[in-house]
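# 3D model of this:
(one chain, ligands or ions: 1)
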Amino acid sequence: MRRRRLFPQLFVSYLLVTLIPLLAVTLYGSGALRDFYYQRTADALKDRARLLTTQMTGLLDSGLLDSGRMEQVDVVCKELGRLSSSKTRITVVLPSGVVVGDSKGTIDDMGNHKGRAEIADALAGRVRPLVHTSPTLKQKMMYVAVPLTRSGETIGVLRTSVAVTDIDRALSAIRWKTLLAGAVVAAAAVGLGLWTSRRISQPLVQLKRGAERFAQGDLSQKLSVGDSEEIASLAETLNRMAAELDRRIRTAVGERNQRQAILSSMVEGVLAVDSEQYLIGVNQAAARLLGVDAEAVDGRRLQEVVRNARLEQLVTQVLTDNEPAEDELILKEGAEQRLLRANATILHDVGPGHASGPRAGALVVLHDVTRLRKLERIRSDFVANVSHELKTPITSIKGFVETLLDGAMHQPEDTERFLRIVAAQSDRLNEIIEDLLTLSRLEQDTQRAGISLQRGRIRDVLEAAVGVCELKASEKNVAVKLTCDAELRAEINAAMLEQAVVNLISNAVKYSPEGAAVLLEATADLSELVIRVRDHGCGIGLEHLPRLFERFYRVDKARSRKLGGTGLGLAIVKHIAQAHGGSATVESTPDEGSVFSLHLPW
Ligand code: ADP
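Numbering: from 1, shown residues only. From the prediction side, this is the model:
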């Protein structure tokens, strides 16, 4: 329905209520006035006629009627007409219809009046006012004719008349005055109507504006109460409502912020969908894990935002079975894979008194288990690797000891050869166990209180490491060249750092061809100290580099074993670097050589 404004409605109604009666009264009044005025005029004409009857009867003596008297009648008529302030026309007509006197016309020009209705009425003894156009004066007149009798005989008719235009002129003057008064009253009514309508509608308009402000969320400005009882109580009620609304909104916003803060601080990803699988909330962690924008996903379908069939299945399953479910999701991030553990449950609305209400959708909690799974794999690989590494020398030792026991010990040359092998395998066992112990110690130290660091000269450490490797290097005719500023100092654990550098130099010697050179250098810039070991050996393929520092990871197992490697050297290097708060890196090109670097904080 089309809505109309209150002010014009009030104003128009007010105007109609005022003007319609005014108009009706004016119209009715002017009609009544006209009738009254006509009646009064007719009565006056009748009275005047009657007043003149005696005089005219005296003049009209039918027996004595001669032309002299006739003239006399006409003169009297004209004299009376002149004296009349109301411009009354007086006519005297004989029963034959001949006009013998007229105050306005020339009687000789006037025709026989016997046929005139008022004359005929009077001759018949009826006196009634009549209005018609005078053929003599050519204007509309009101006539009243009375018979002139003498001894019961009608000797003539006396007619009085006035021009209707005179009556109308008088009436119209009155009407104009009435109209003027009406216009003044109407103008006053318009003014009063405007004032009253505005007085009623203005507070309502203000209330409307205030309520609109409330609707837009501005609850701070109160509505002015006004002086009308009903509007004041409405404004007060609205003000109370706004205050209550403000309080509730503040509480709700506070609670929502708290919840938001909790959800955003969570490491686990949380996402909620409604029963139709439209997203109703995603926390920062979930957005990060799923690679979506947390702000832009609300209200969109889960399938649209996250293209993961298993997540979709999980949510559908929970919504269908109404029971919690879990699954593992694999998300591809470029070349990397991320593994998420997803636990999904039914999401219930909060019912009265914080009881759980009807089902609202599903809630999924995502844990990033990529690192955990990787650690688990590394651990199980480690156990398998340790077992395997230990099993090889033990099998060999066991084999040779059994061979000896089976009789070989009675042949001295075999005995010595076999015992040397057993001794070598025991050394290898020892080396593996030594390396494992070193690693485990390093891990424990780093985890507990950290290793003890002291300011020391880097060159001293590097020289000591070169000294340790000298024998092996000279066996392969490899020259180890050292470049290091003598004054370079840092917070280090000298023994550990020496071990790390020894591992790197011995690898460089191991994997370099005879007579090659190995460069050892230490440099420092503003942020870090870097110790580099550069060789021109066999190099390492790009695909091996990411896992090179893992325990027991070897590019070529057979070759490493043959060269006496345990596969733990680089793992020890990495741990030592980390224990110093730094890291270990490698750059390598197959067949050209490798550069292993220790980055230590400066
Ligand atoms: P290993 O005792 O087998 O040398 P490491 O942990 O020290 O074990 O090294 C792991 C693997 O990295 C080695 O098996 C080898 O394949 C590769 N490697 C290490 N250093 C070098 C190097 N300087 N040049 C080429 N390959 C190397």
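# In which helix or strand does residue 280 reside?
strand 279-282 (DSSP states H and E).
# Can you list the buried residues in the helix or strand following that strand?
The helix or strand immediately downstream of strand 279-282 is helix 284-290, counting by DSSP H and E. Under the neighbour-count criterion of 16 or more other C-beta atoms under 10 Å, helix 284-290 has 285-287, 289-290 buried. Every C-beta, even on glycine, is put in place using the N, C-alpha and C of the backbone.
# Helix 284-290 packs against which elements?
The helices and strands touching helix 284-290, judged by 3 or more C-beta pairs under 8 Å, 6 or more residues apart in numbering; DSSP states H and E, are helix 229-265, strand 269-274, strand 356-368.
# Go again with 6 Å.
strand 269-274, strand 356-368 (3 or more C-beta pairs under 6 Å, 6 or more residues apart in numbering; DSSP states H and E).
# Quick one: these as a markdown table, columns for mean neighbour count too.
Below are the helices and strands packed on helix 284-290 laid out as a markdown table (neighbours: other C-beta atoms under 10 Å):
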| stretch | mean neighbour count |
| --- | --- |
| strand 269-274 | 22 |
| strand 356-368 | 18 |
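# Of those, which is nearest the ligand?
When the helices and strands packed on helix 284-290 are compared by C-beta to the nearest ligand atom, strand 356-368 sits nearest the ligand, at 28.9 Å.
# Can you tell me which helices and strands whichever strand in the chain runs longest packs against?
The longest strand of the chain (DSSP state E) is strand 336-350. Using 3+ C-beta pairs under 6 Å, 6+ apart, the elements in contact with strand 336-350 are helix 309-321, strand 325-333, strand 356-368, helix 370-405.
# let's see it at 8 Å
strand 269-274, helix 309-321, strand 325-333, strand 356-368, helix 370-405.
# right, so of those, which gets closest to the ligand?
Across the helices and strands packed on strand 336-350, closest to the ligand is helix 370-405 (C-beta to the nearest ligand atom), at 10.4 Å.
# Pretty sure residue 227 sits in a helix.
No: Residue 227 is assigned coil when assessed by DSSP: H, G, I helix; E, B strand; the rest coil, not a helix.
# how about TSV for the helices and strands packed on helix 284-290, with distance to residue 544 and mean pLDDT added?
TSV is the format used below for the helices and strands packed on helix 284-290 (distance: least, C-beta to C-beta, whole Å; pLDDT from 0 to 100):
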stretch	distance to residue 544	mean pLDDT
strand 269-274	33	93
strand 356-368	26	87
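# ok, residue 23 to the ligand distance?
113 Å (C-beta to the nearest ligand atom, to the nearest Å).
# Within range of the ligand, give me the residues from the stretch 101-250 of the chain.
Proximity of the stretch 101-250 of the chain to the ligand, by C-beta under 6 Å from any ligand atom, involves no residues.
# what about the stretch 101-250 of the chain, any weak spots by pLDDT?
In the prediction, the stretch 101-250 of the chain carries no residues with pLDDT under 70.
# run the last query once more with 80
The stretch 101-250 of the chain contains residues with pLDDT under 80 at 136-137, 166-167, 224-227.
# so what's residue 537 up against?
The neighbours of residue 537, taking C-beta atoms under 8 Å, 6 or more residues apart in numbering as the test, are 508, 511-513, 516, 593-594.
# right, and the secondary structure at it would be what?
coil.
# Could you check how far it is from residue 509?
9 Å (C-beta to C-beta, to the nearest Å).
# Longest helix of the chain, counting residues only.
helix 6-59 (DSSP state H).
# Could you tell me the angle between the helix or strand that that one is followed by and helix 6-59?
Of the helices and strands lying after helix 6-59 in sequence (DSSP H and E), the nearest is helix 67-83. Counting by axes from the mean of the first three to the mean of the last three C-alpha atoms, to 10 degrees, helix 67-83 lies at 150 degrees to helix 6-59.
# Can you give the strand pairings for the following helix or strand past helix 67-83, parallel or anti for each?
Downstream of helix 67-83, the next assigned helix or strand under DSSP H and E is strand 89-93. According to DSSP bridges, strand 89-93 has the following sheet partners: strand 99-102 (antiparallel), strand 153-163 (antiparallel).
# And this protein, split by domain according to the record?
As recorded under automatic domain parsing, the domains making up the chain are 7-169, 217-265, 266-368, 374-447, 451-601.
# want to try CSV for the ones you listed, with distance to residue 203 as columns?
Output for the domains of the chain, formatted as CSV (distance: least, C-beta to C-beta, whole Å):
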stretch, distance to residue 203
domain 7-169, 12
domain 217-265, 4
domain 266-368, 40
domain 374-447, 73
domain 451-601, 72
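# Give me the nearest residue to residue 139, chain neighbours excluded.
Closest residue to residue 139 apart from its sequence neighbours, by C-beta to C-beta, 6 or more residues apart in numbering: residue 163 at 5.4 Å.
# The one you found contacts residue 136, doesn't it?
No: with contact defined as C-beta atoms under 8 Å, residue 163 does not reach residue 136; the gap is 11.9 Å.
# And the longest helix of the chain, what does it pack against?
Looks like helix 6-59 contacts helix 67-83, strand 89-93, strand 139-150, strand 153-163, helix 164-215 (3+ C-beta pairs under 8 Å, 6+ apart).
# still on that earlier bit, just say which of the strands paired with strand 89-93 is most tucked in.
Most buried of the strands paired with strand 89-93, by mean neighbour count (mean count of other C-beta atoms under 10 Å): strand 99-102, with a mean of 26.
# thinking in terms of the whole chain, how far from its middle is that strand?
100 Å (C-alpha atoms, centre = their mean, to the nearest Å).
# Give me the residues contacting the helix or strand just after that strand.
With elements assigned by DSSP H and E, the helix or strand that comes after strand 99-102 is helix 117-123. Residues outside helix 117-123 that contact it (C-beta under 8 Å, 6+ apart): 93, 95, 97, 113-114, 127-130, 132, 143-147, 154, 157, 159.
# Would you mind checking the residues you listed for buried ones?
93, 95, 97, 113, 129-130, 143-147, 154, 157, 159.
# Return the most buried member of the helices and strands packed on helix 6-59.
Buried most deeply of those, by mean count of other C-beta under 10 Å, is strand 89-93, with a mean of 26.
# Touching that strand from outside, list them.
Residues contacting strand 89-93 (C-beta under 8 Å, 6+ apart): 48, 52, 56, 59-60, 73-74, 77, 80-81, 84, 99-105, 113-114, 119, 137, 141, 145, 148, 156-163.
# Pairing partners for residue 161 in the sheet, please.
Applying DSSP bridges, one finds that residue 161 bridges with residue 89, residue 143.
# I figured it was touching residue 42, is that so?
No: using C-beta under 8 Å, residue 161 makes no contact with residue 42, being 10.4 Å away.
# Please enumerate the shared neighbours of these two.
142, 144.
# now the helices and strands packed on helix 284-290 in TSV, with distance to the ligand?
As requested, the helices and strands packed on helix 284-290 are exported to TSV (distance: least, C-beta to the nearest ligand atom, whole Å):
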stretch	distance to the ligand
strand 269-274	36
strand 356-368	29
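# If you count neighbours, what's buried in the longest strand of the chain?
In strand 336-350, counting by 16+ other C-beta under 10 Å, buried: 338-344, 346-347.
# which of these are close to the ligand?
Within the buried residues of strand 336-350, nothing lies near the ligand by C-beta under 6 Å from any ligand atom.
# which two from these end up farthest apart in space?
Farthest pair in those (C-beta to C-beta) is 338 and 346. Separation: 26.1 Å.
# show me where the stretch 501-602 of the chain has strands.
All strands of the stretch 501-602 of the chain, identified by DSSP state E, counting those that start in this stretch, fall at 517-524, 528-534, 583-589, 593-601.
# Residues in contact with the worst-scoring helix or strand of the chain on mean pLDDT: which ones?
Least confident element among the helices and strands of the chain, by mean pLDDT, DSSP states H and E: helix 557-562 (a mean of 78). Contact partners of helix 557-562, identified using C-beta under 8 Å, 6+ apart, comprise 392, 554, 567.
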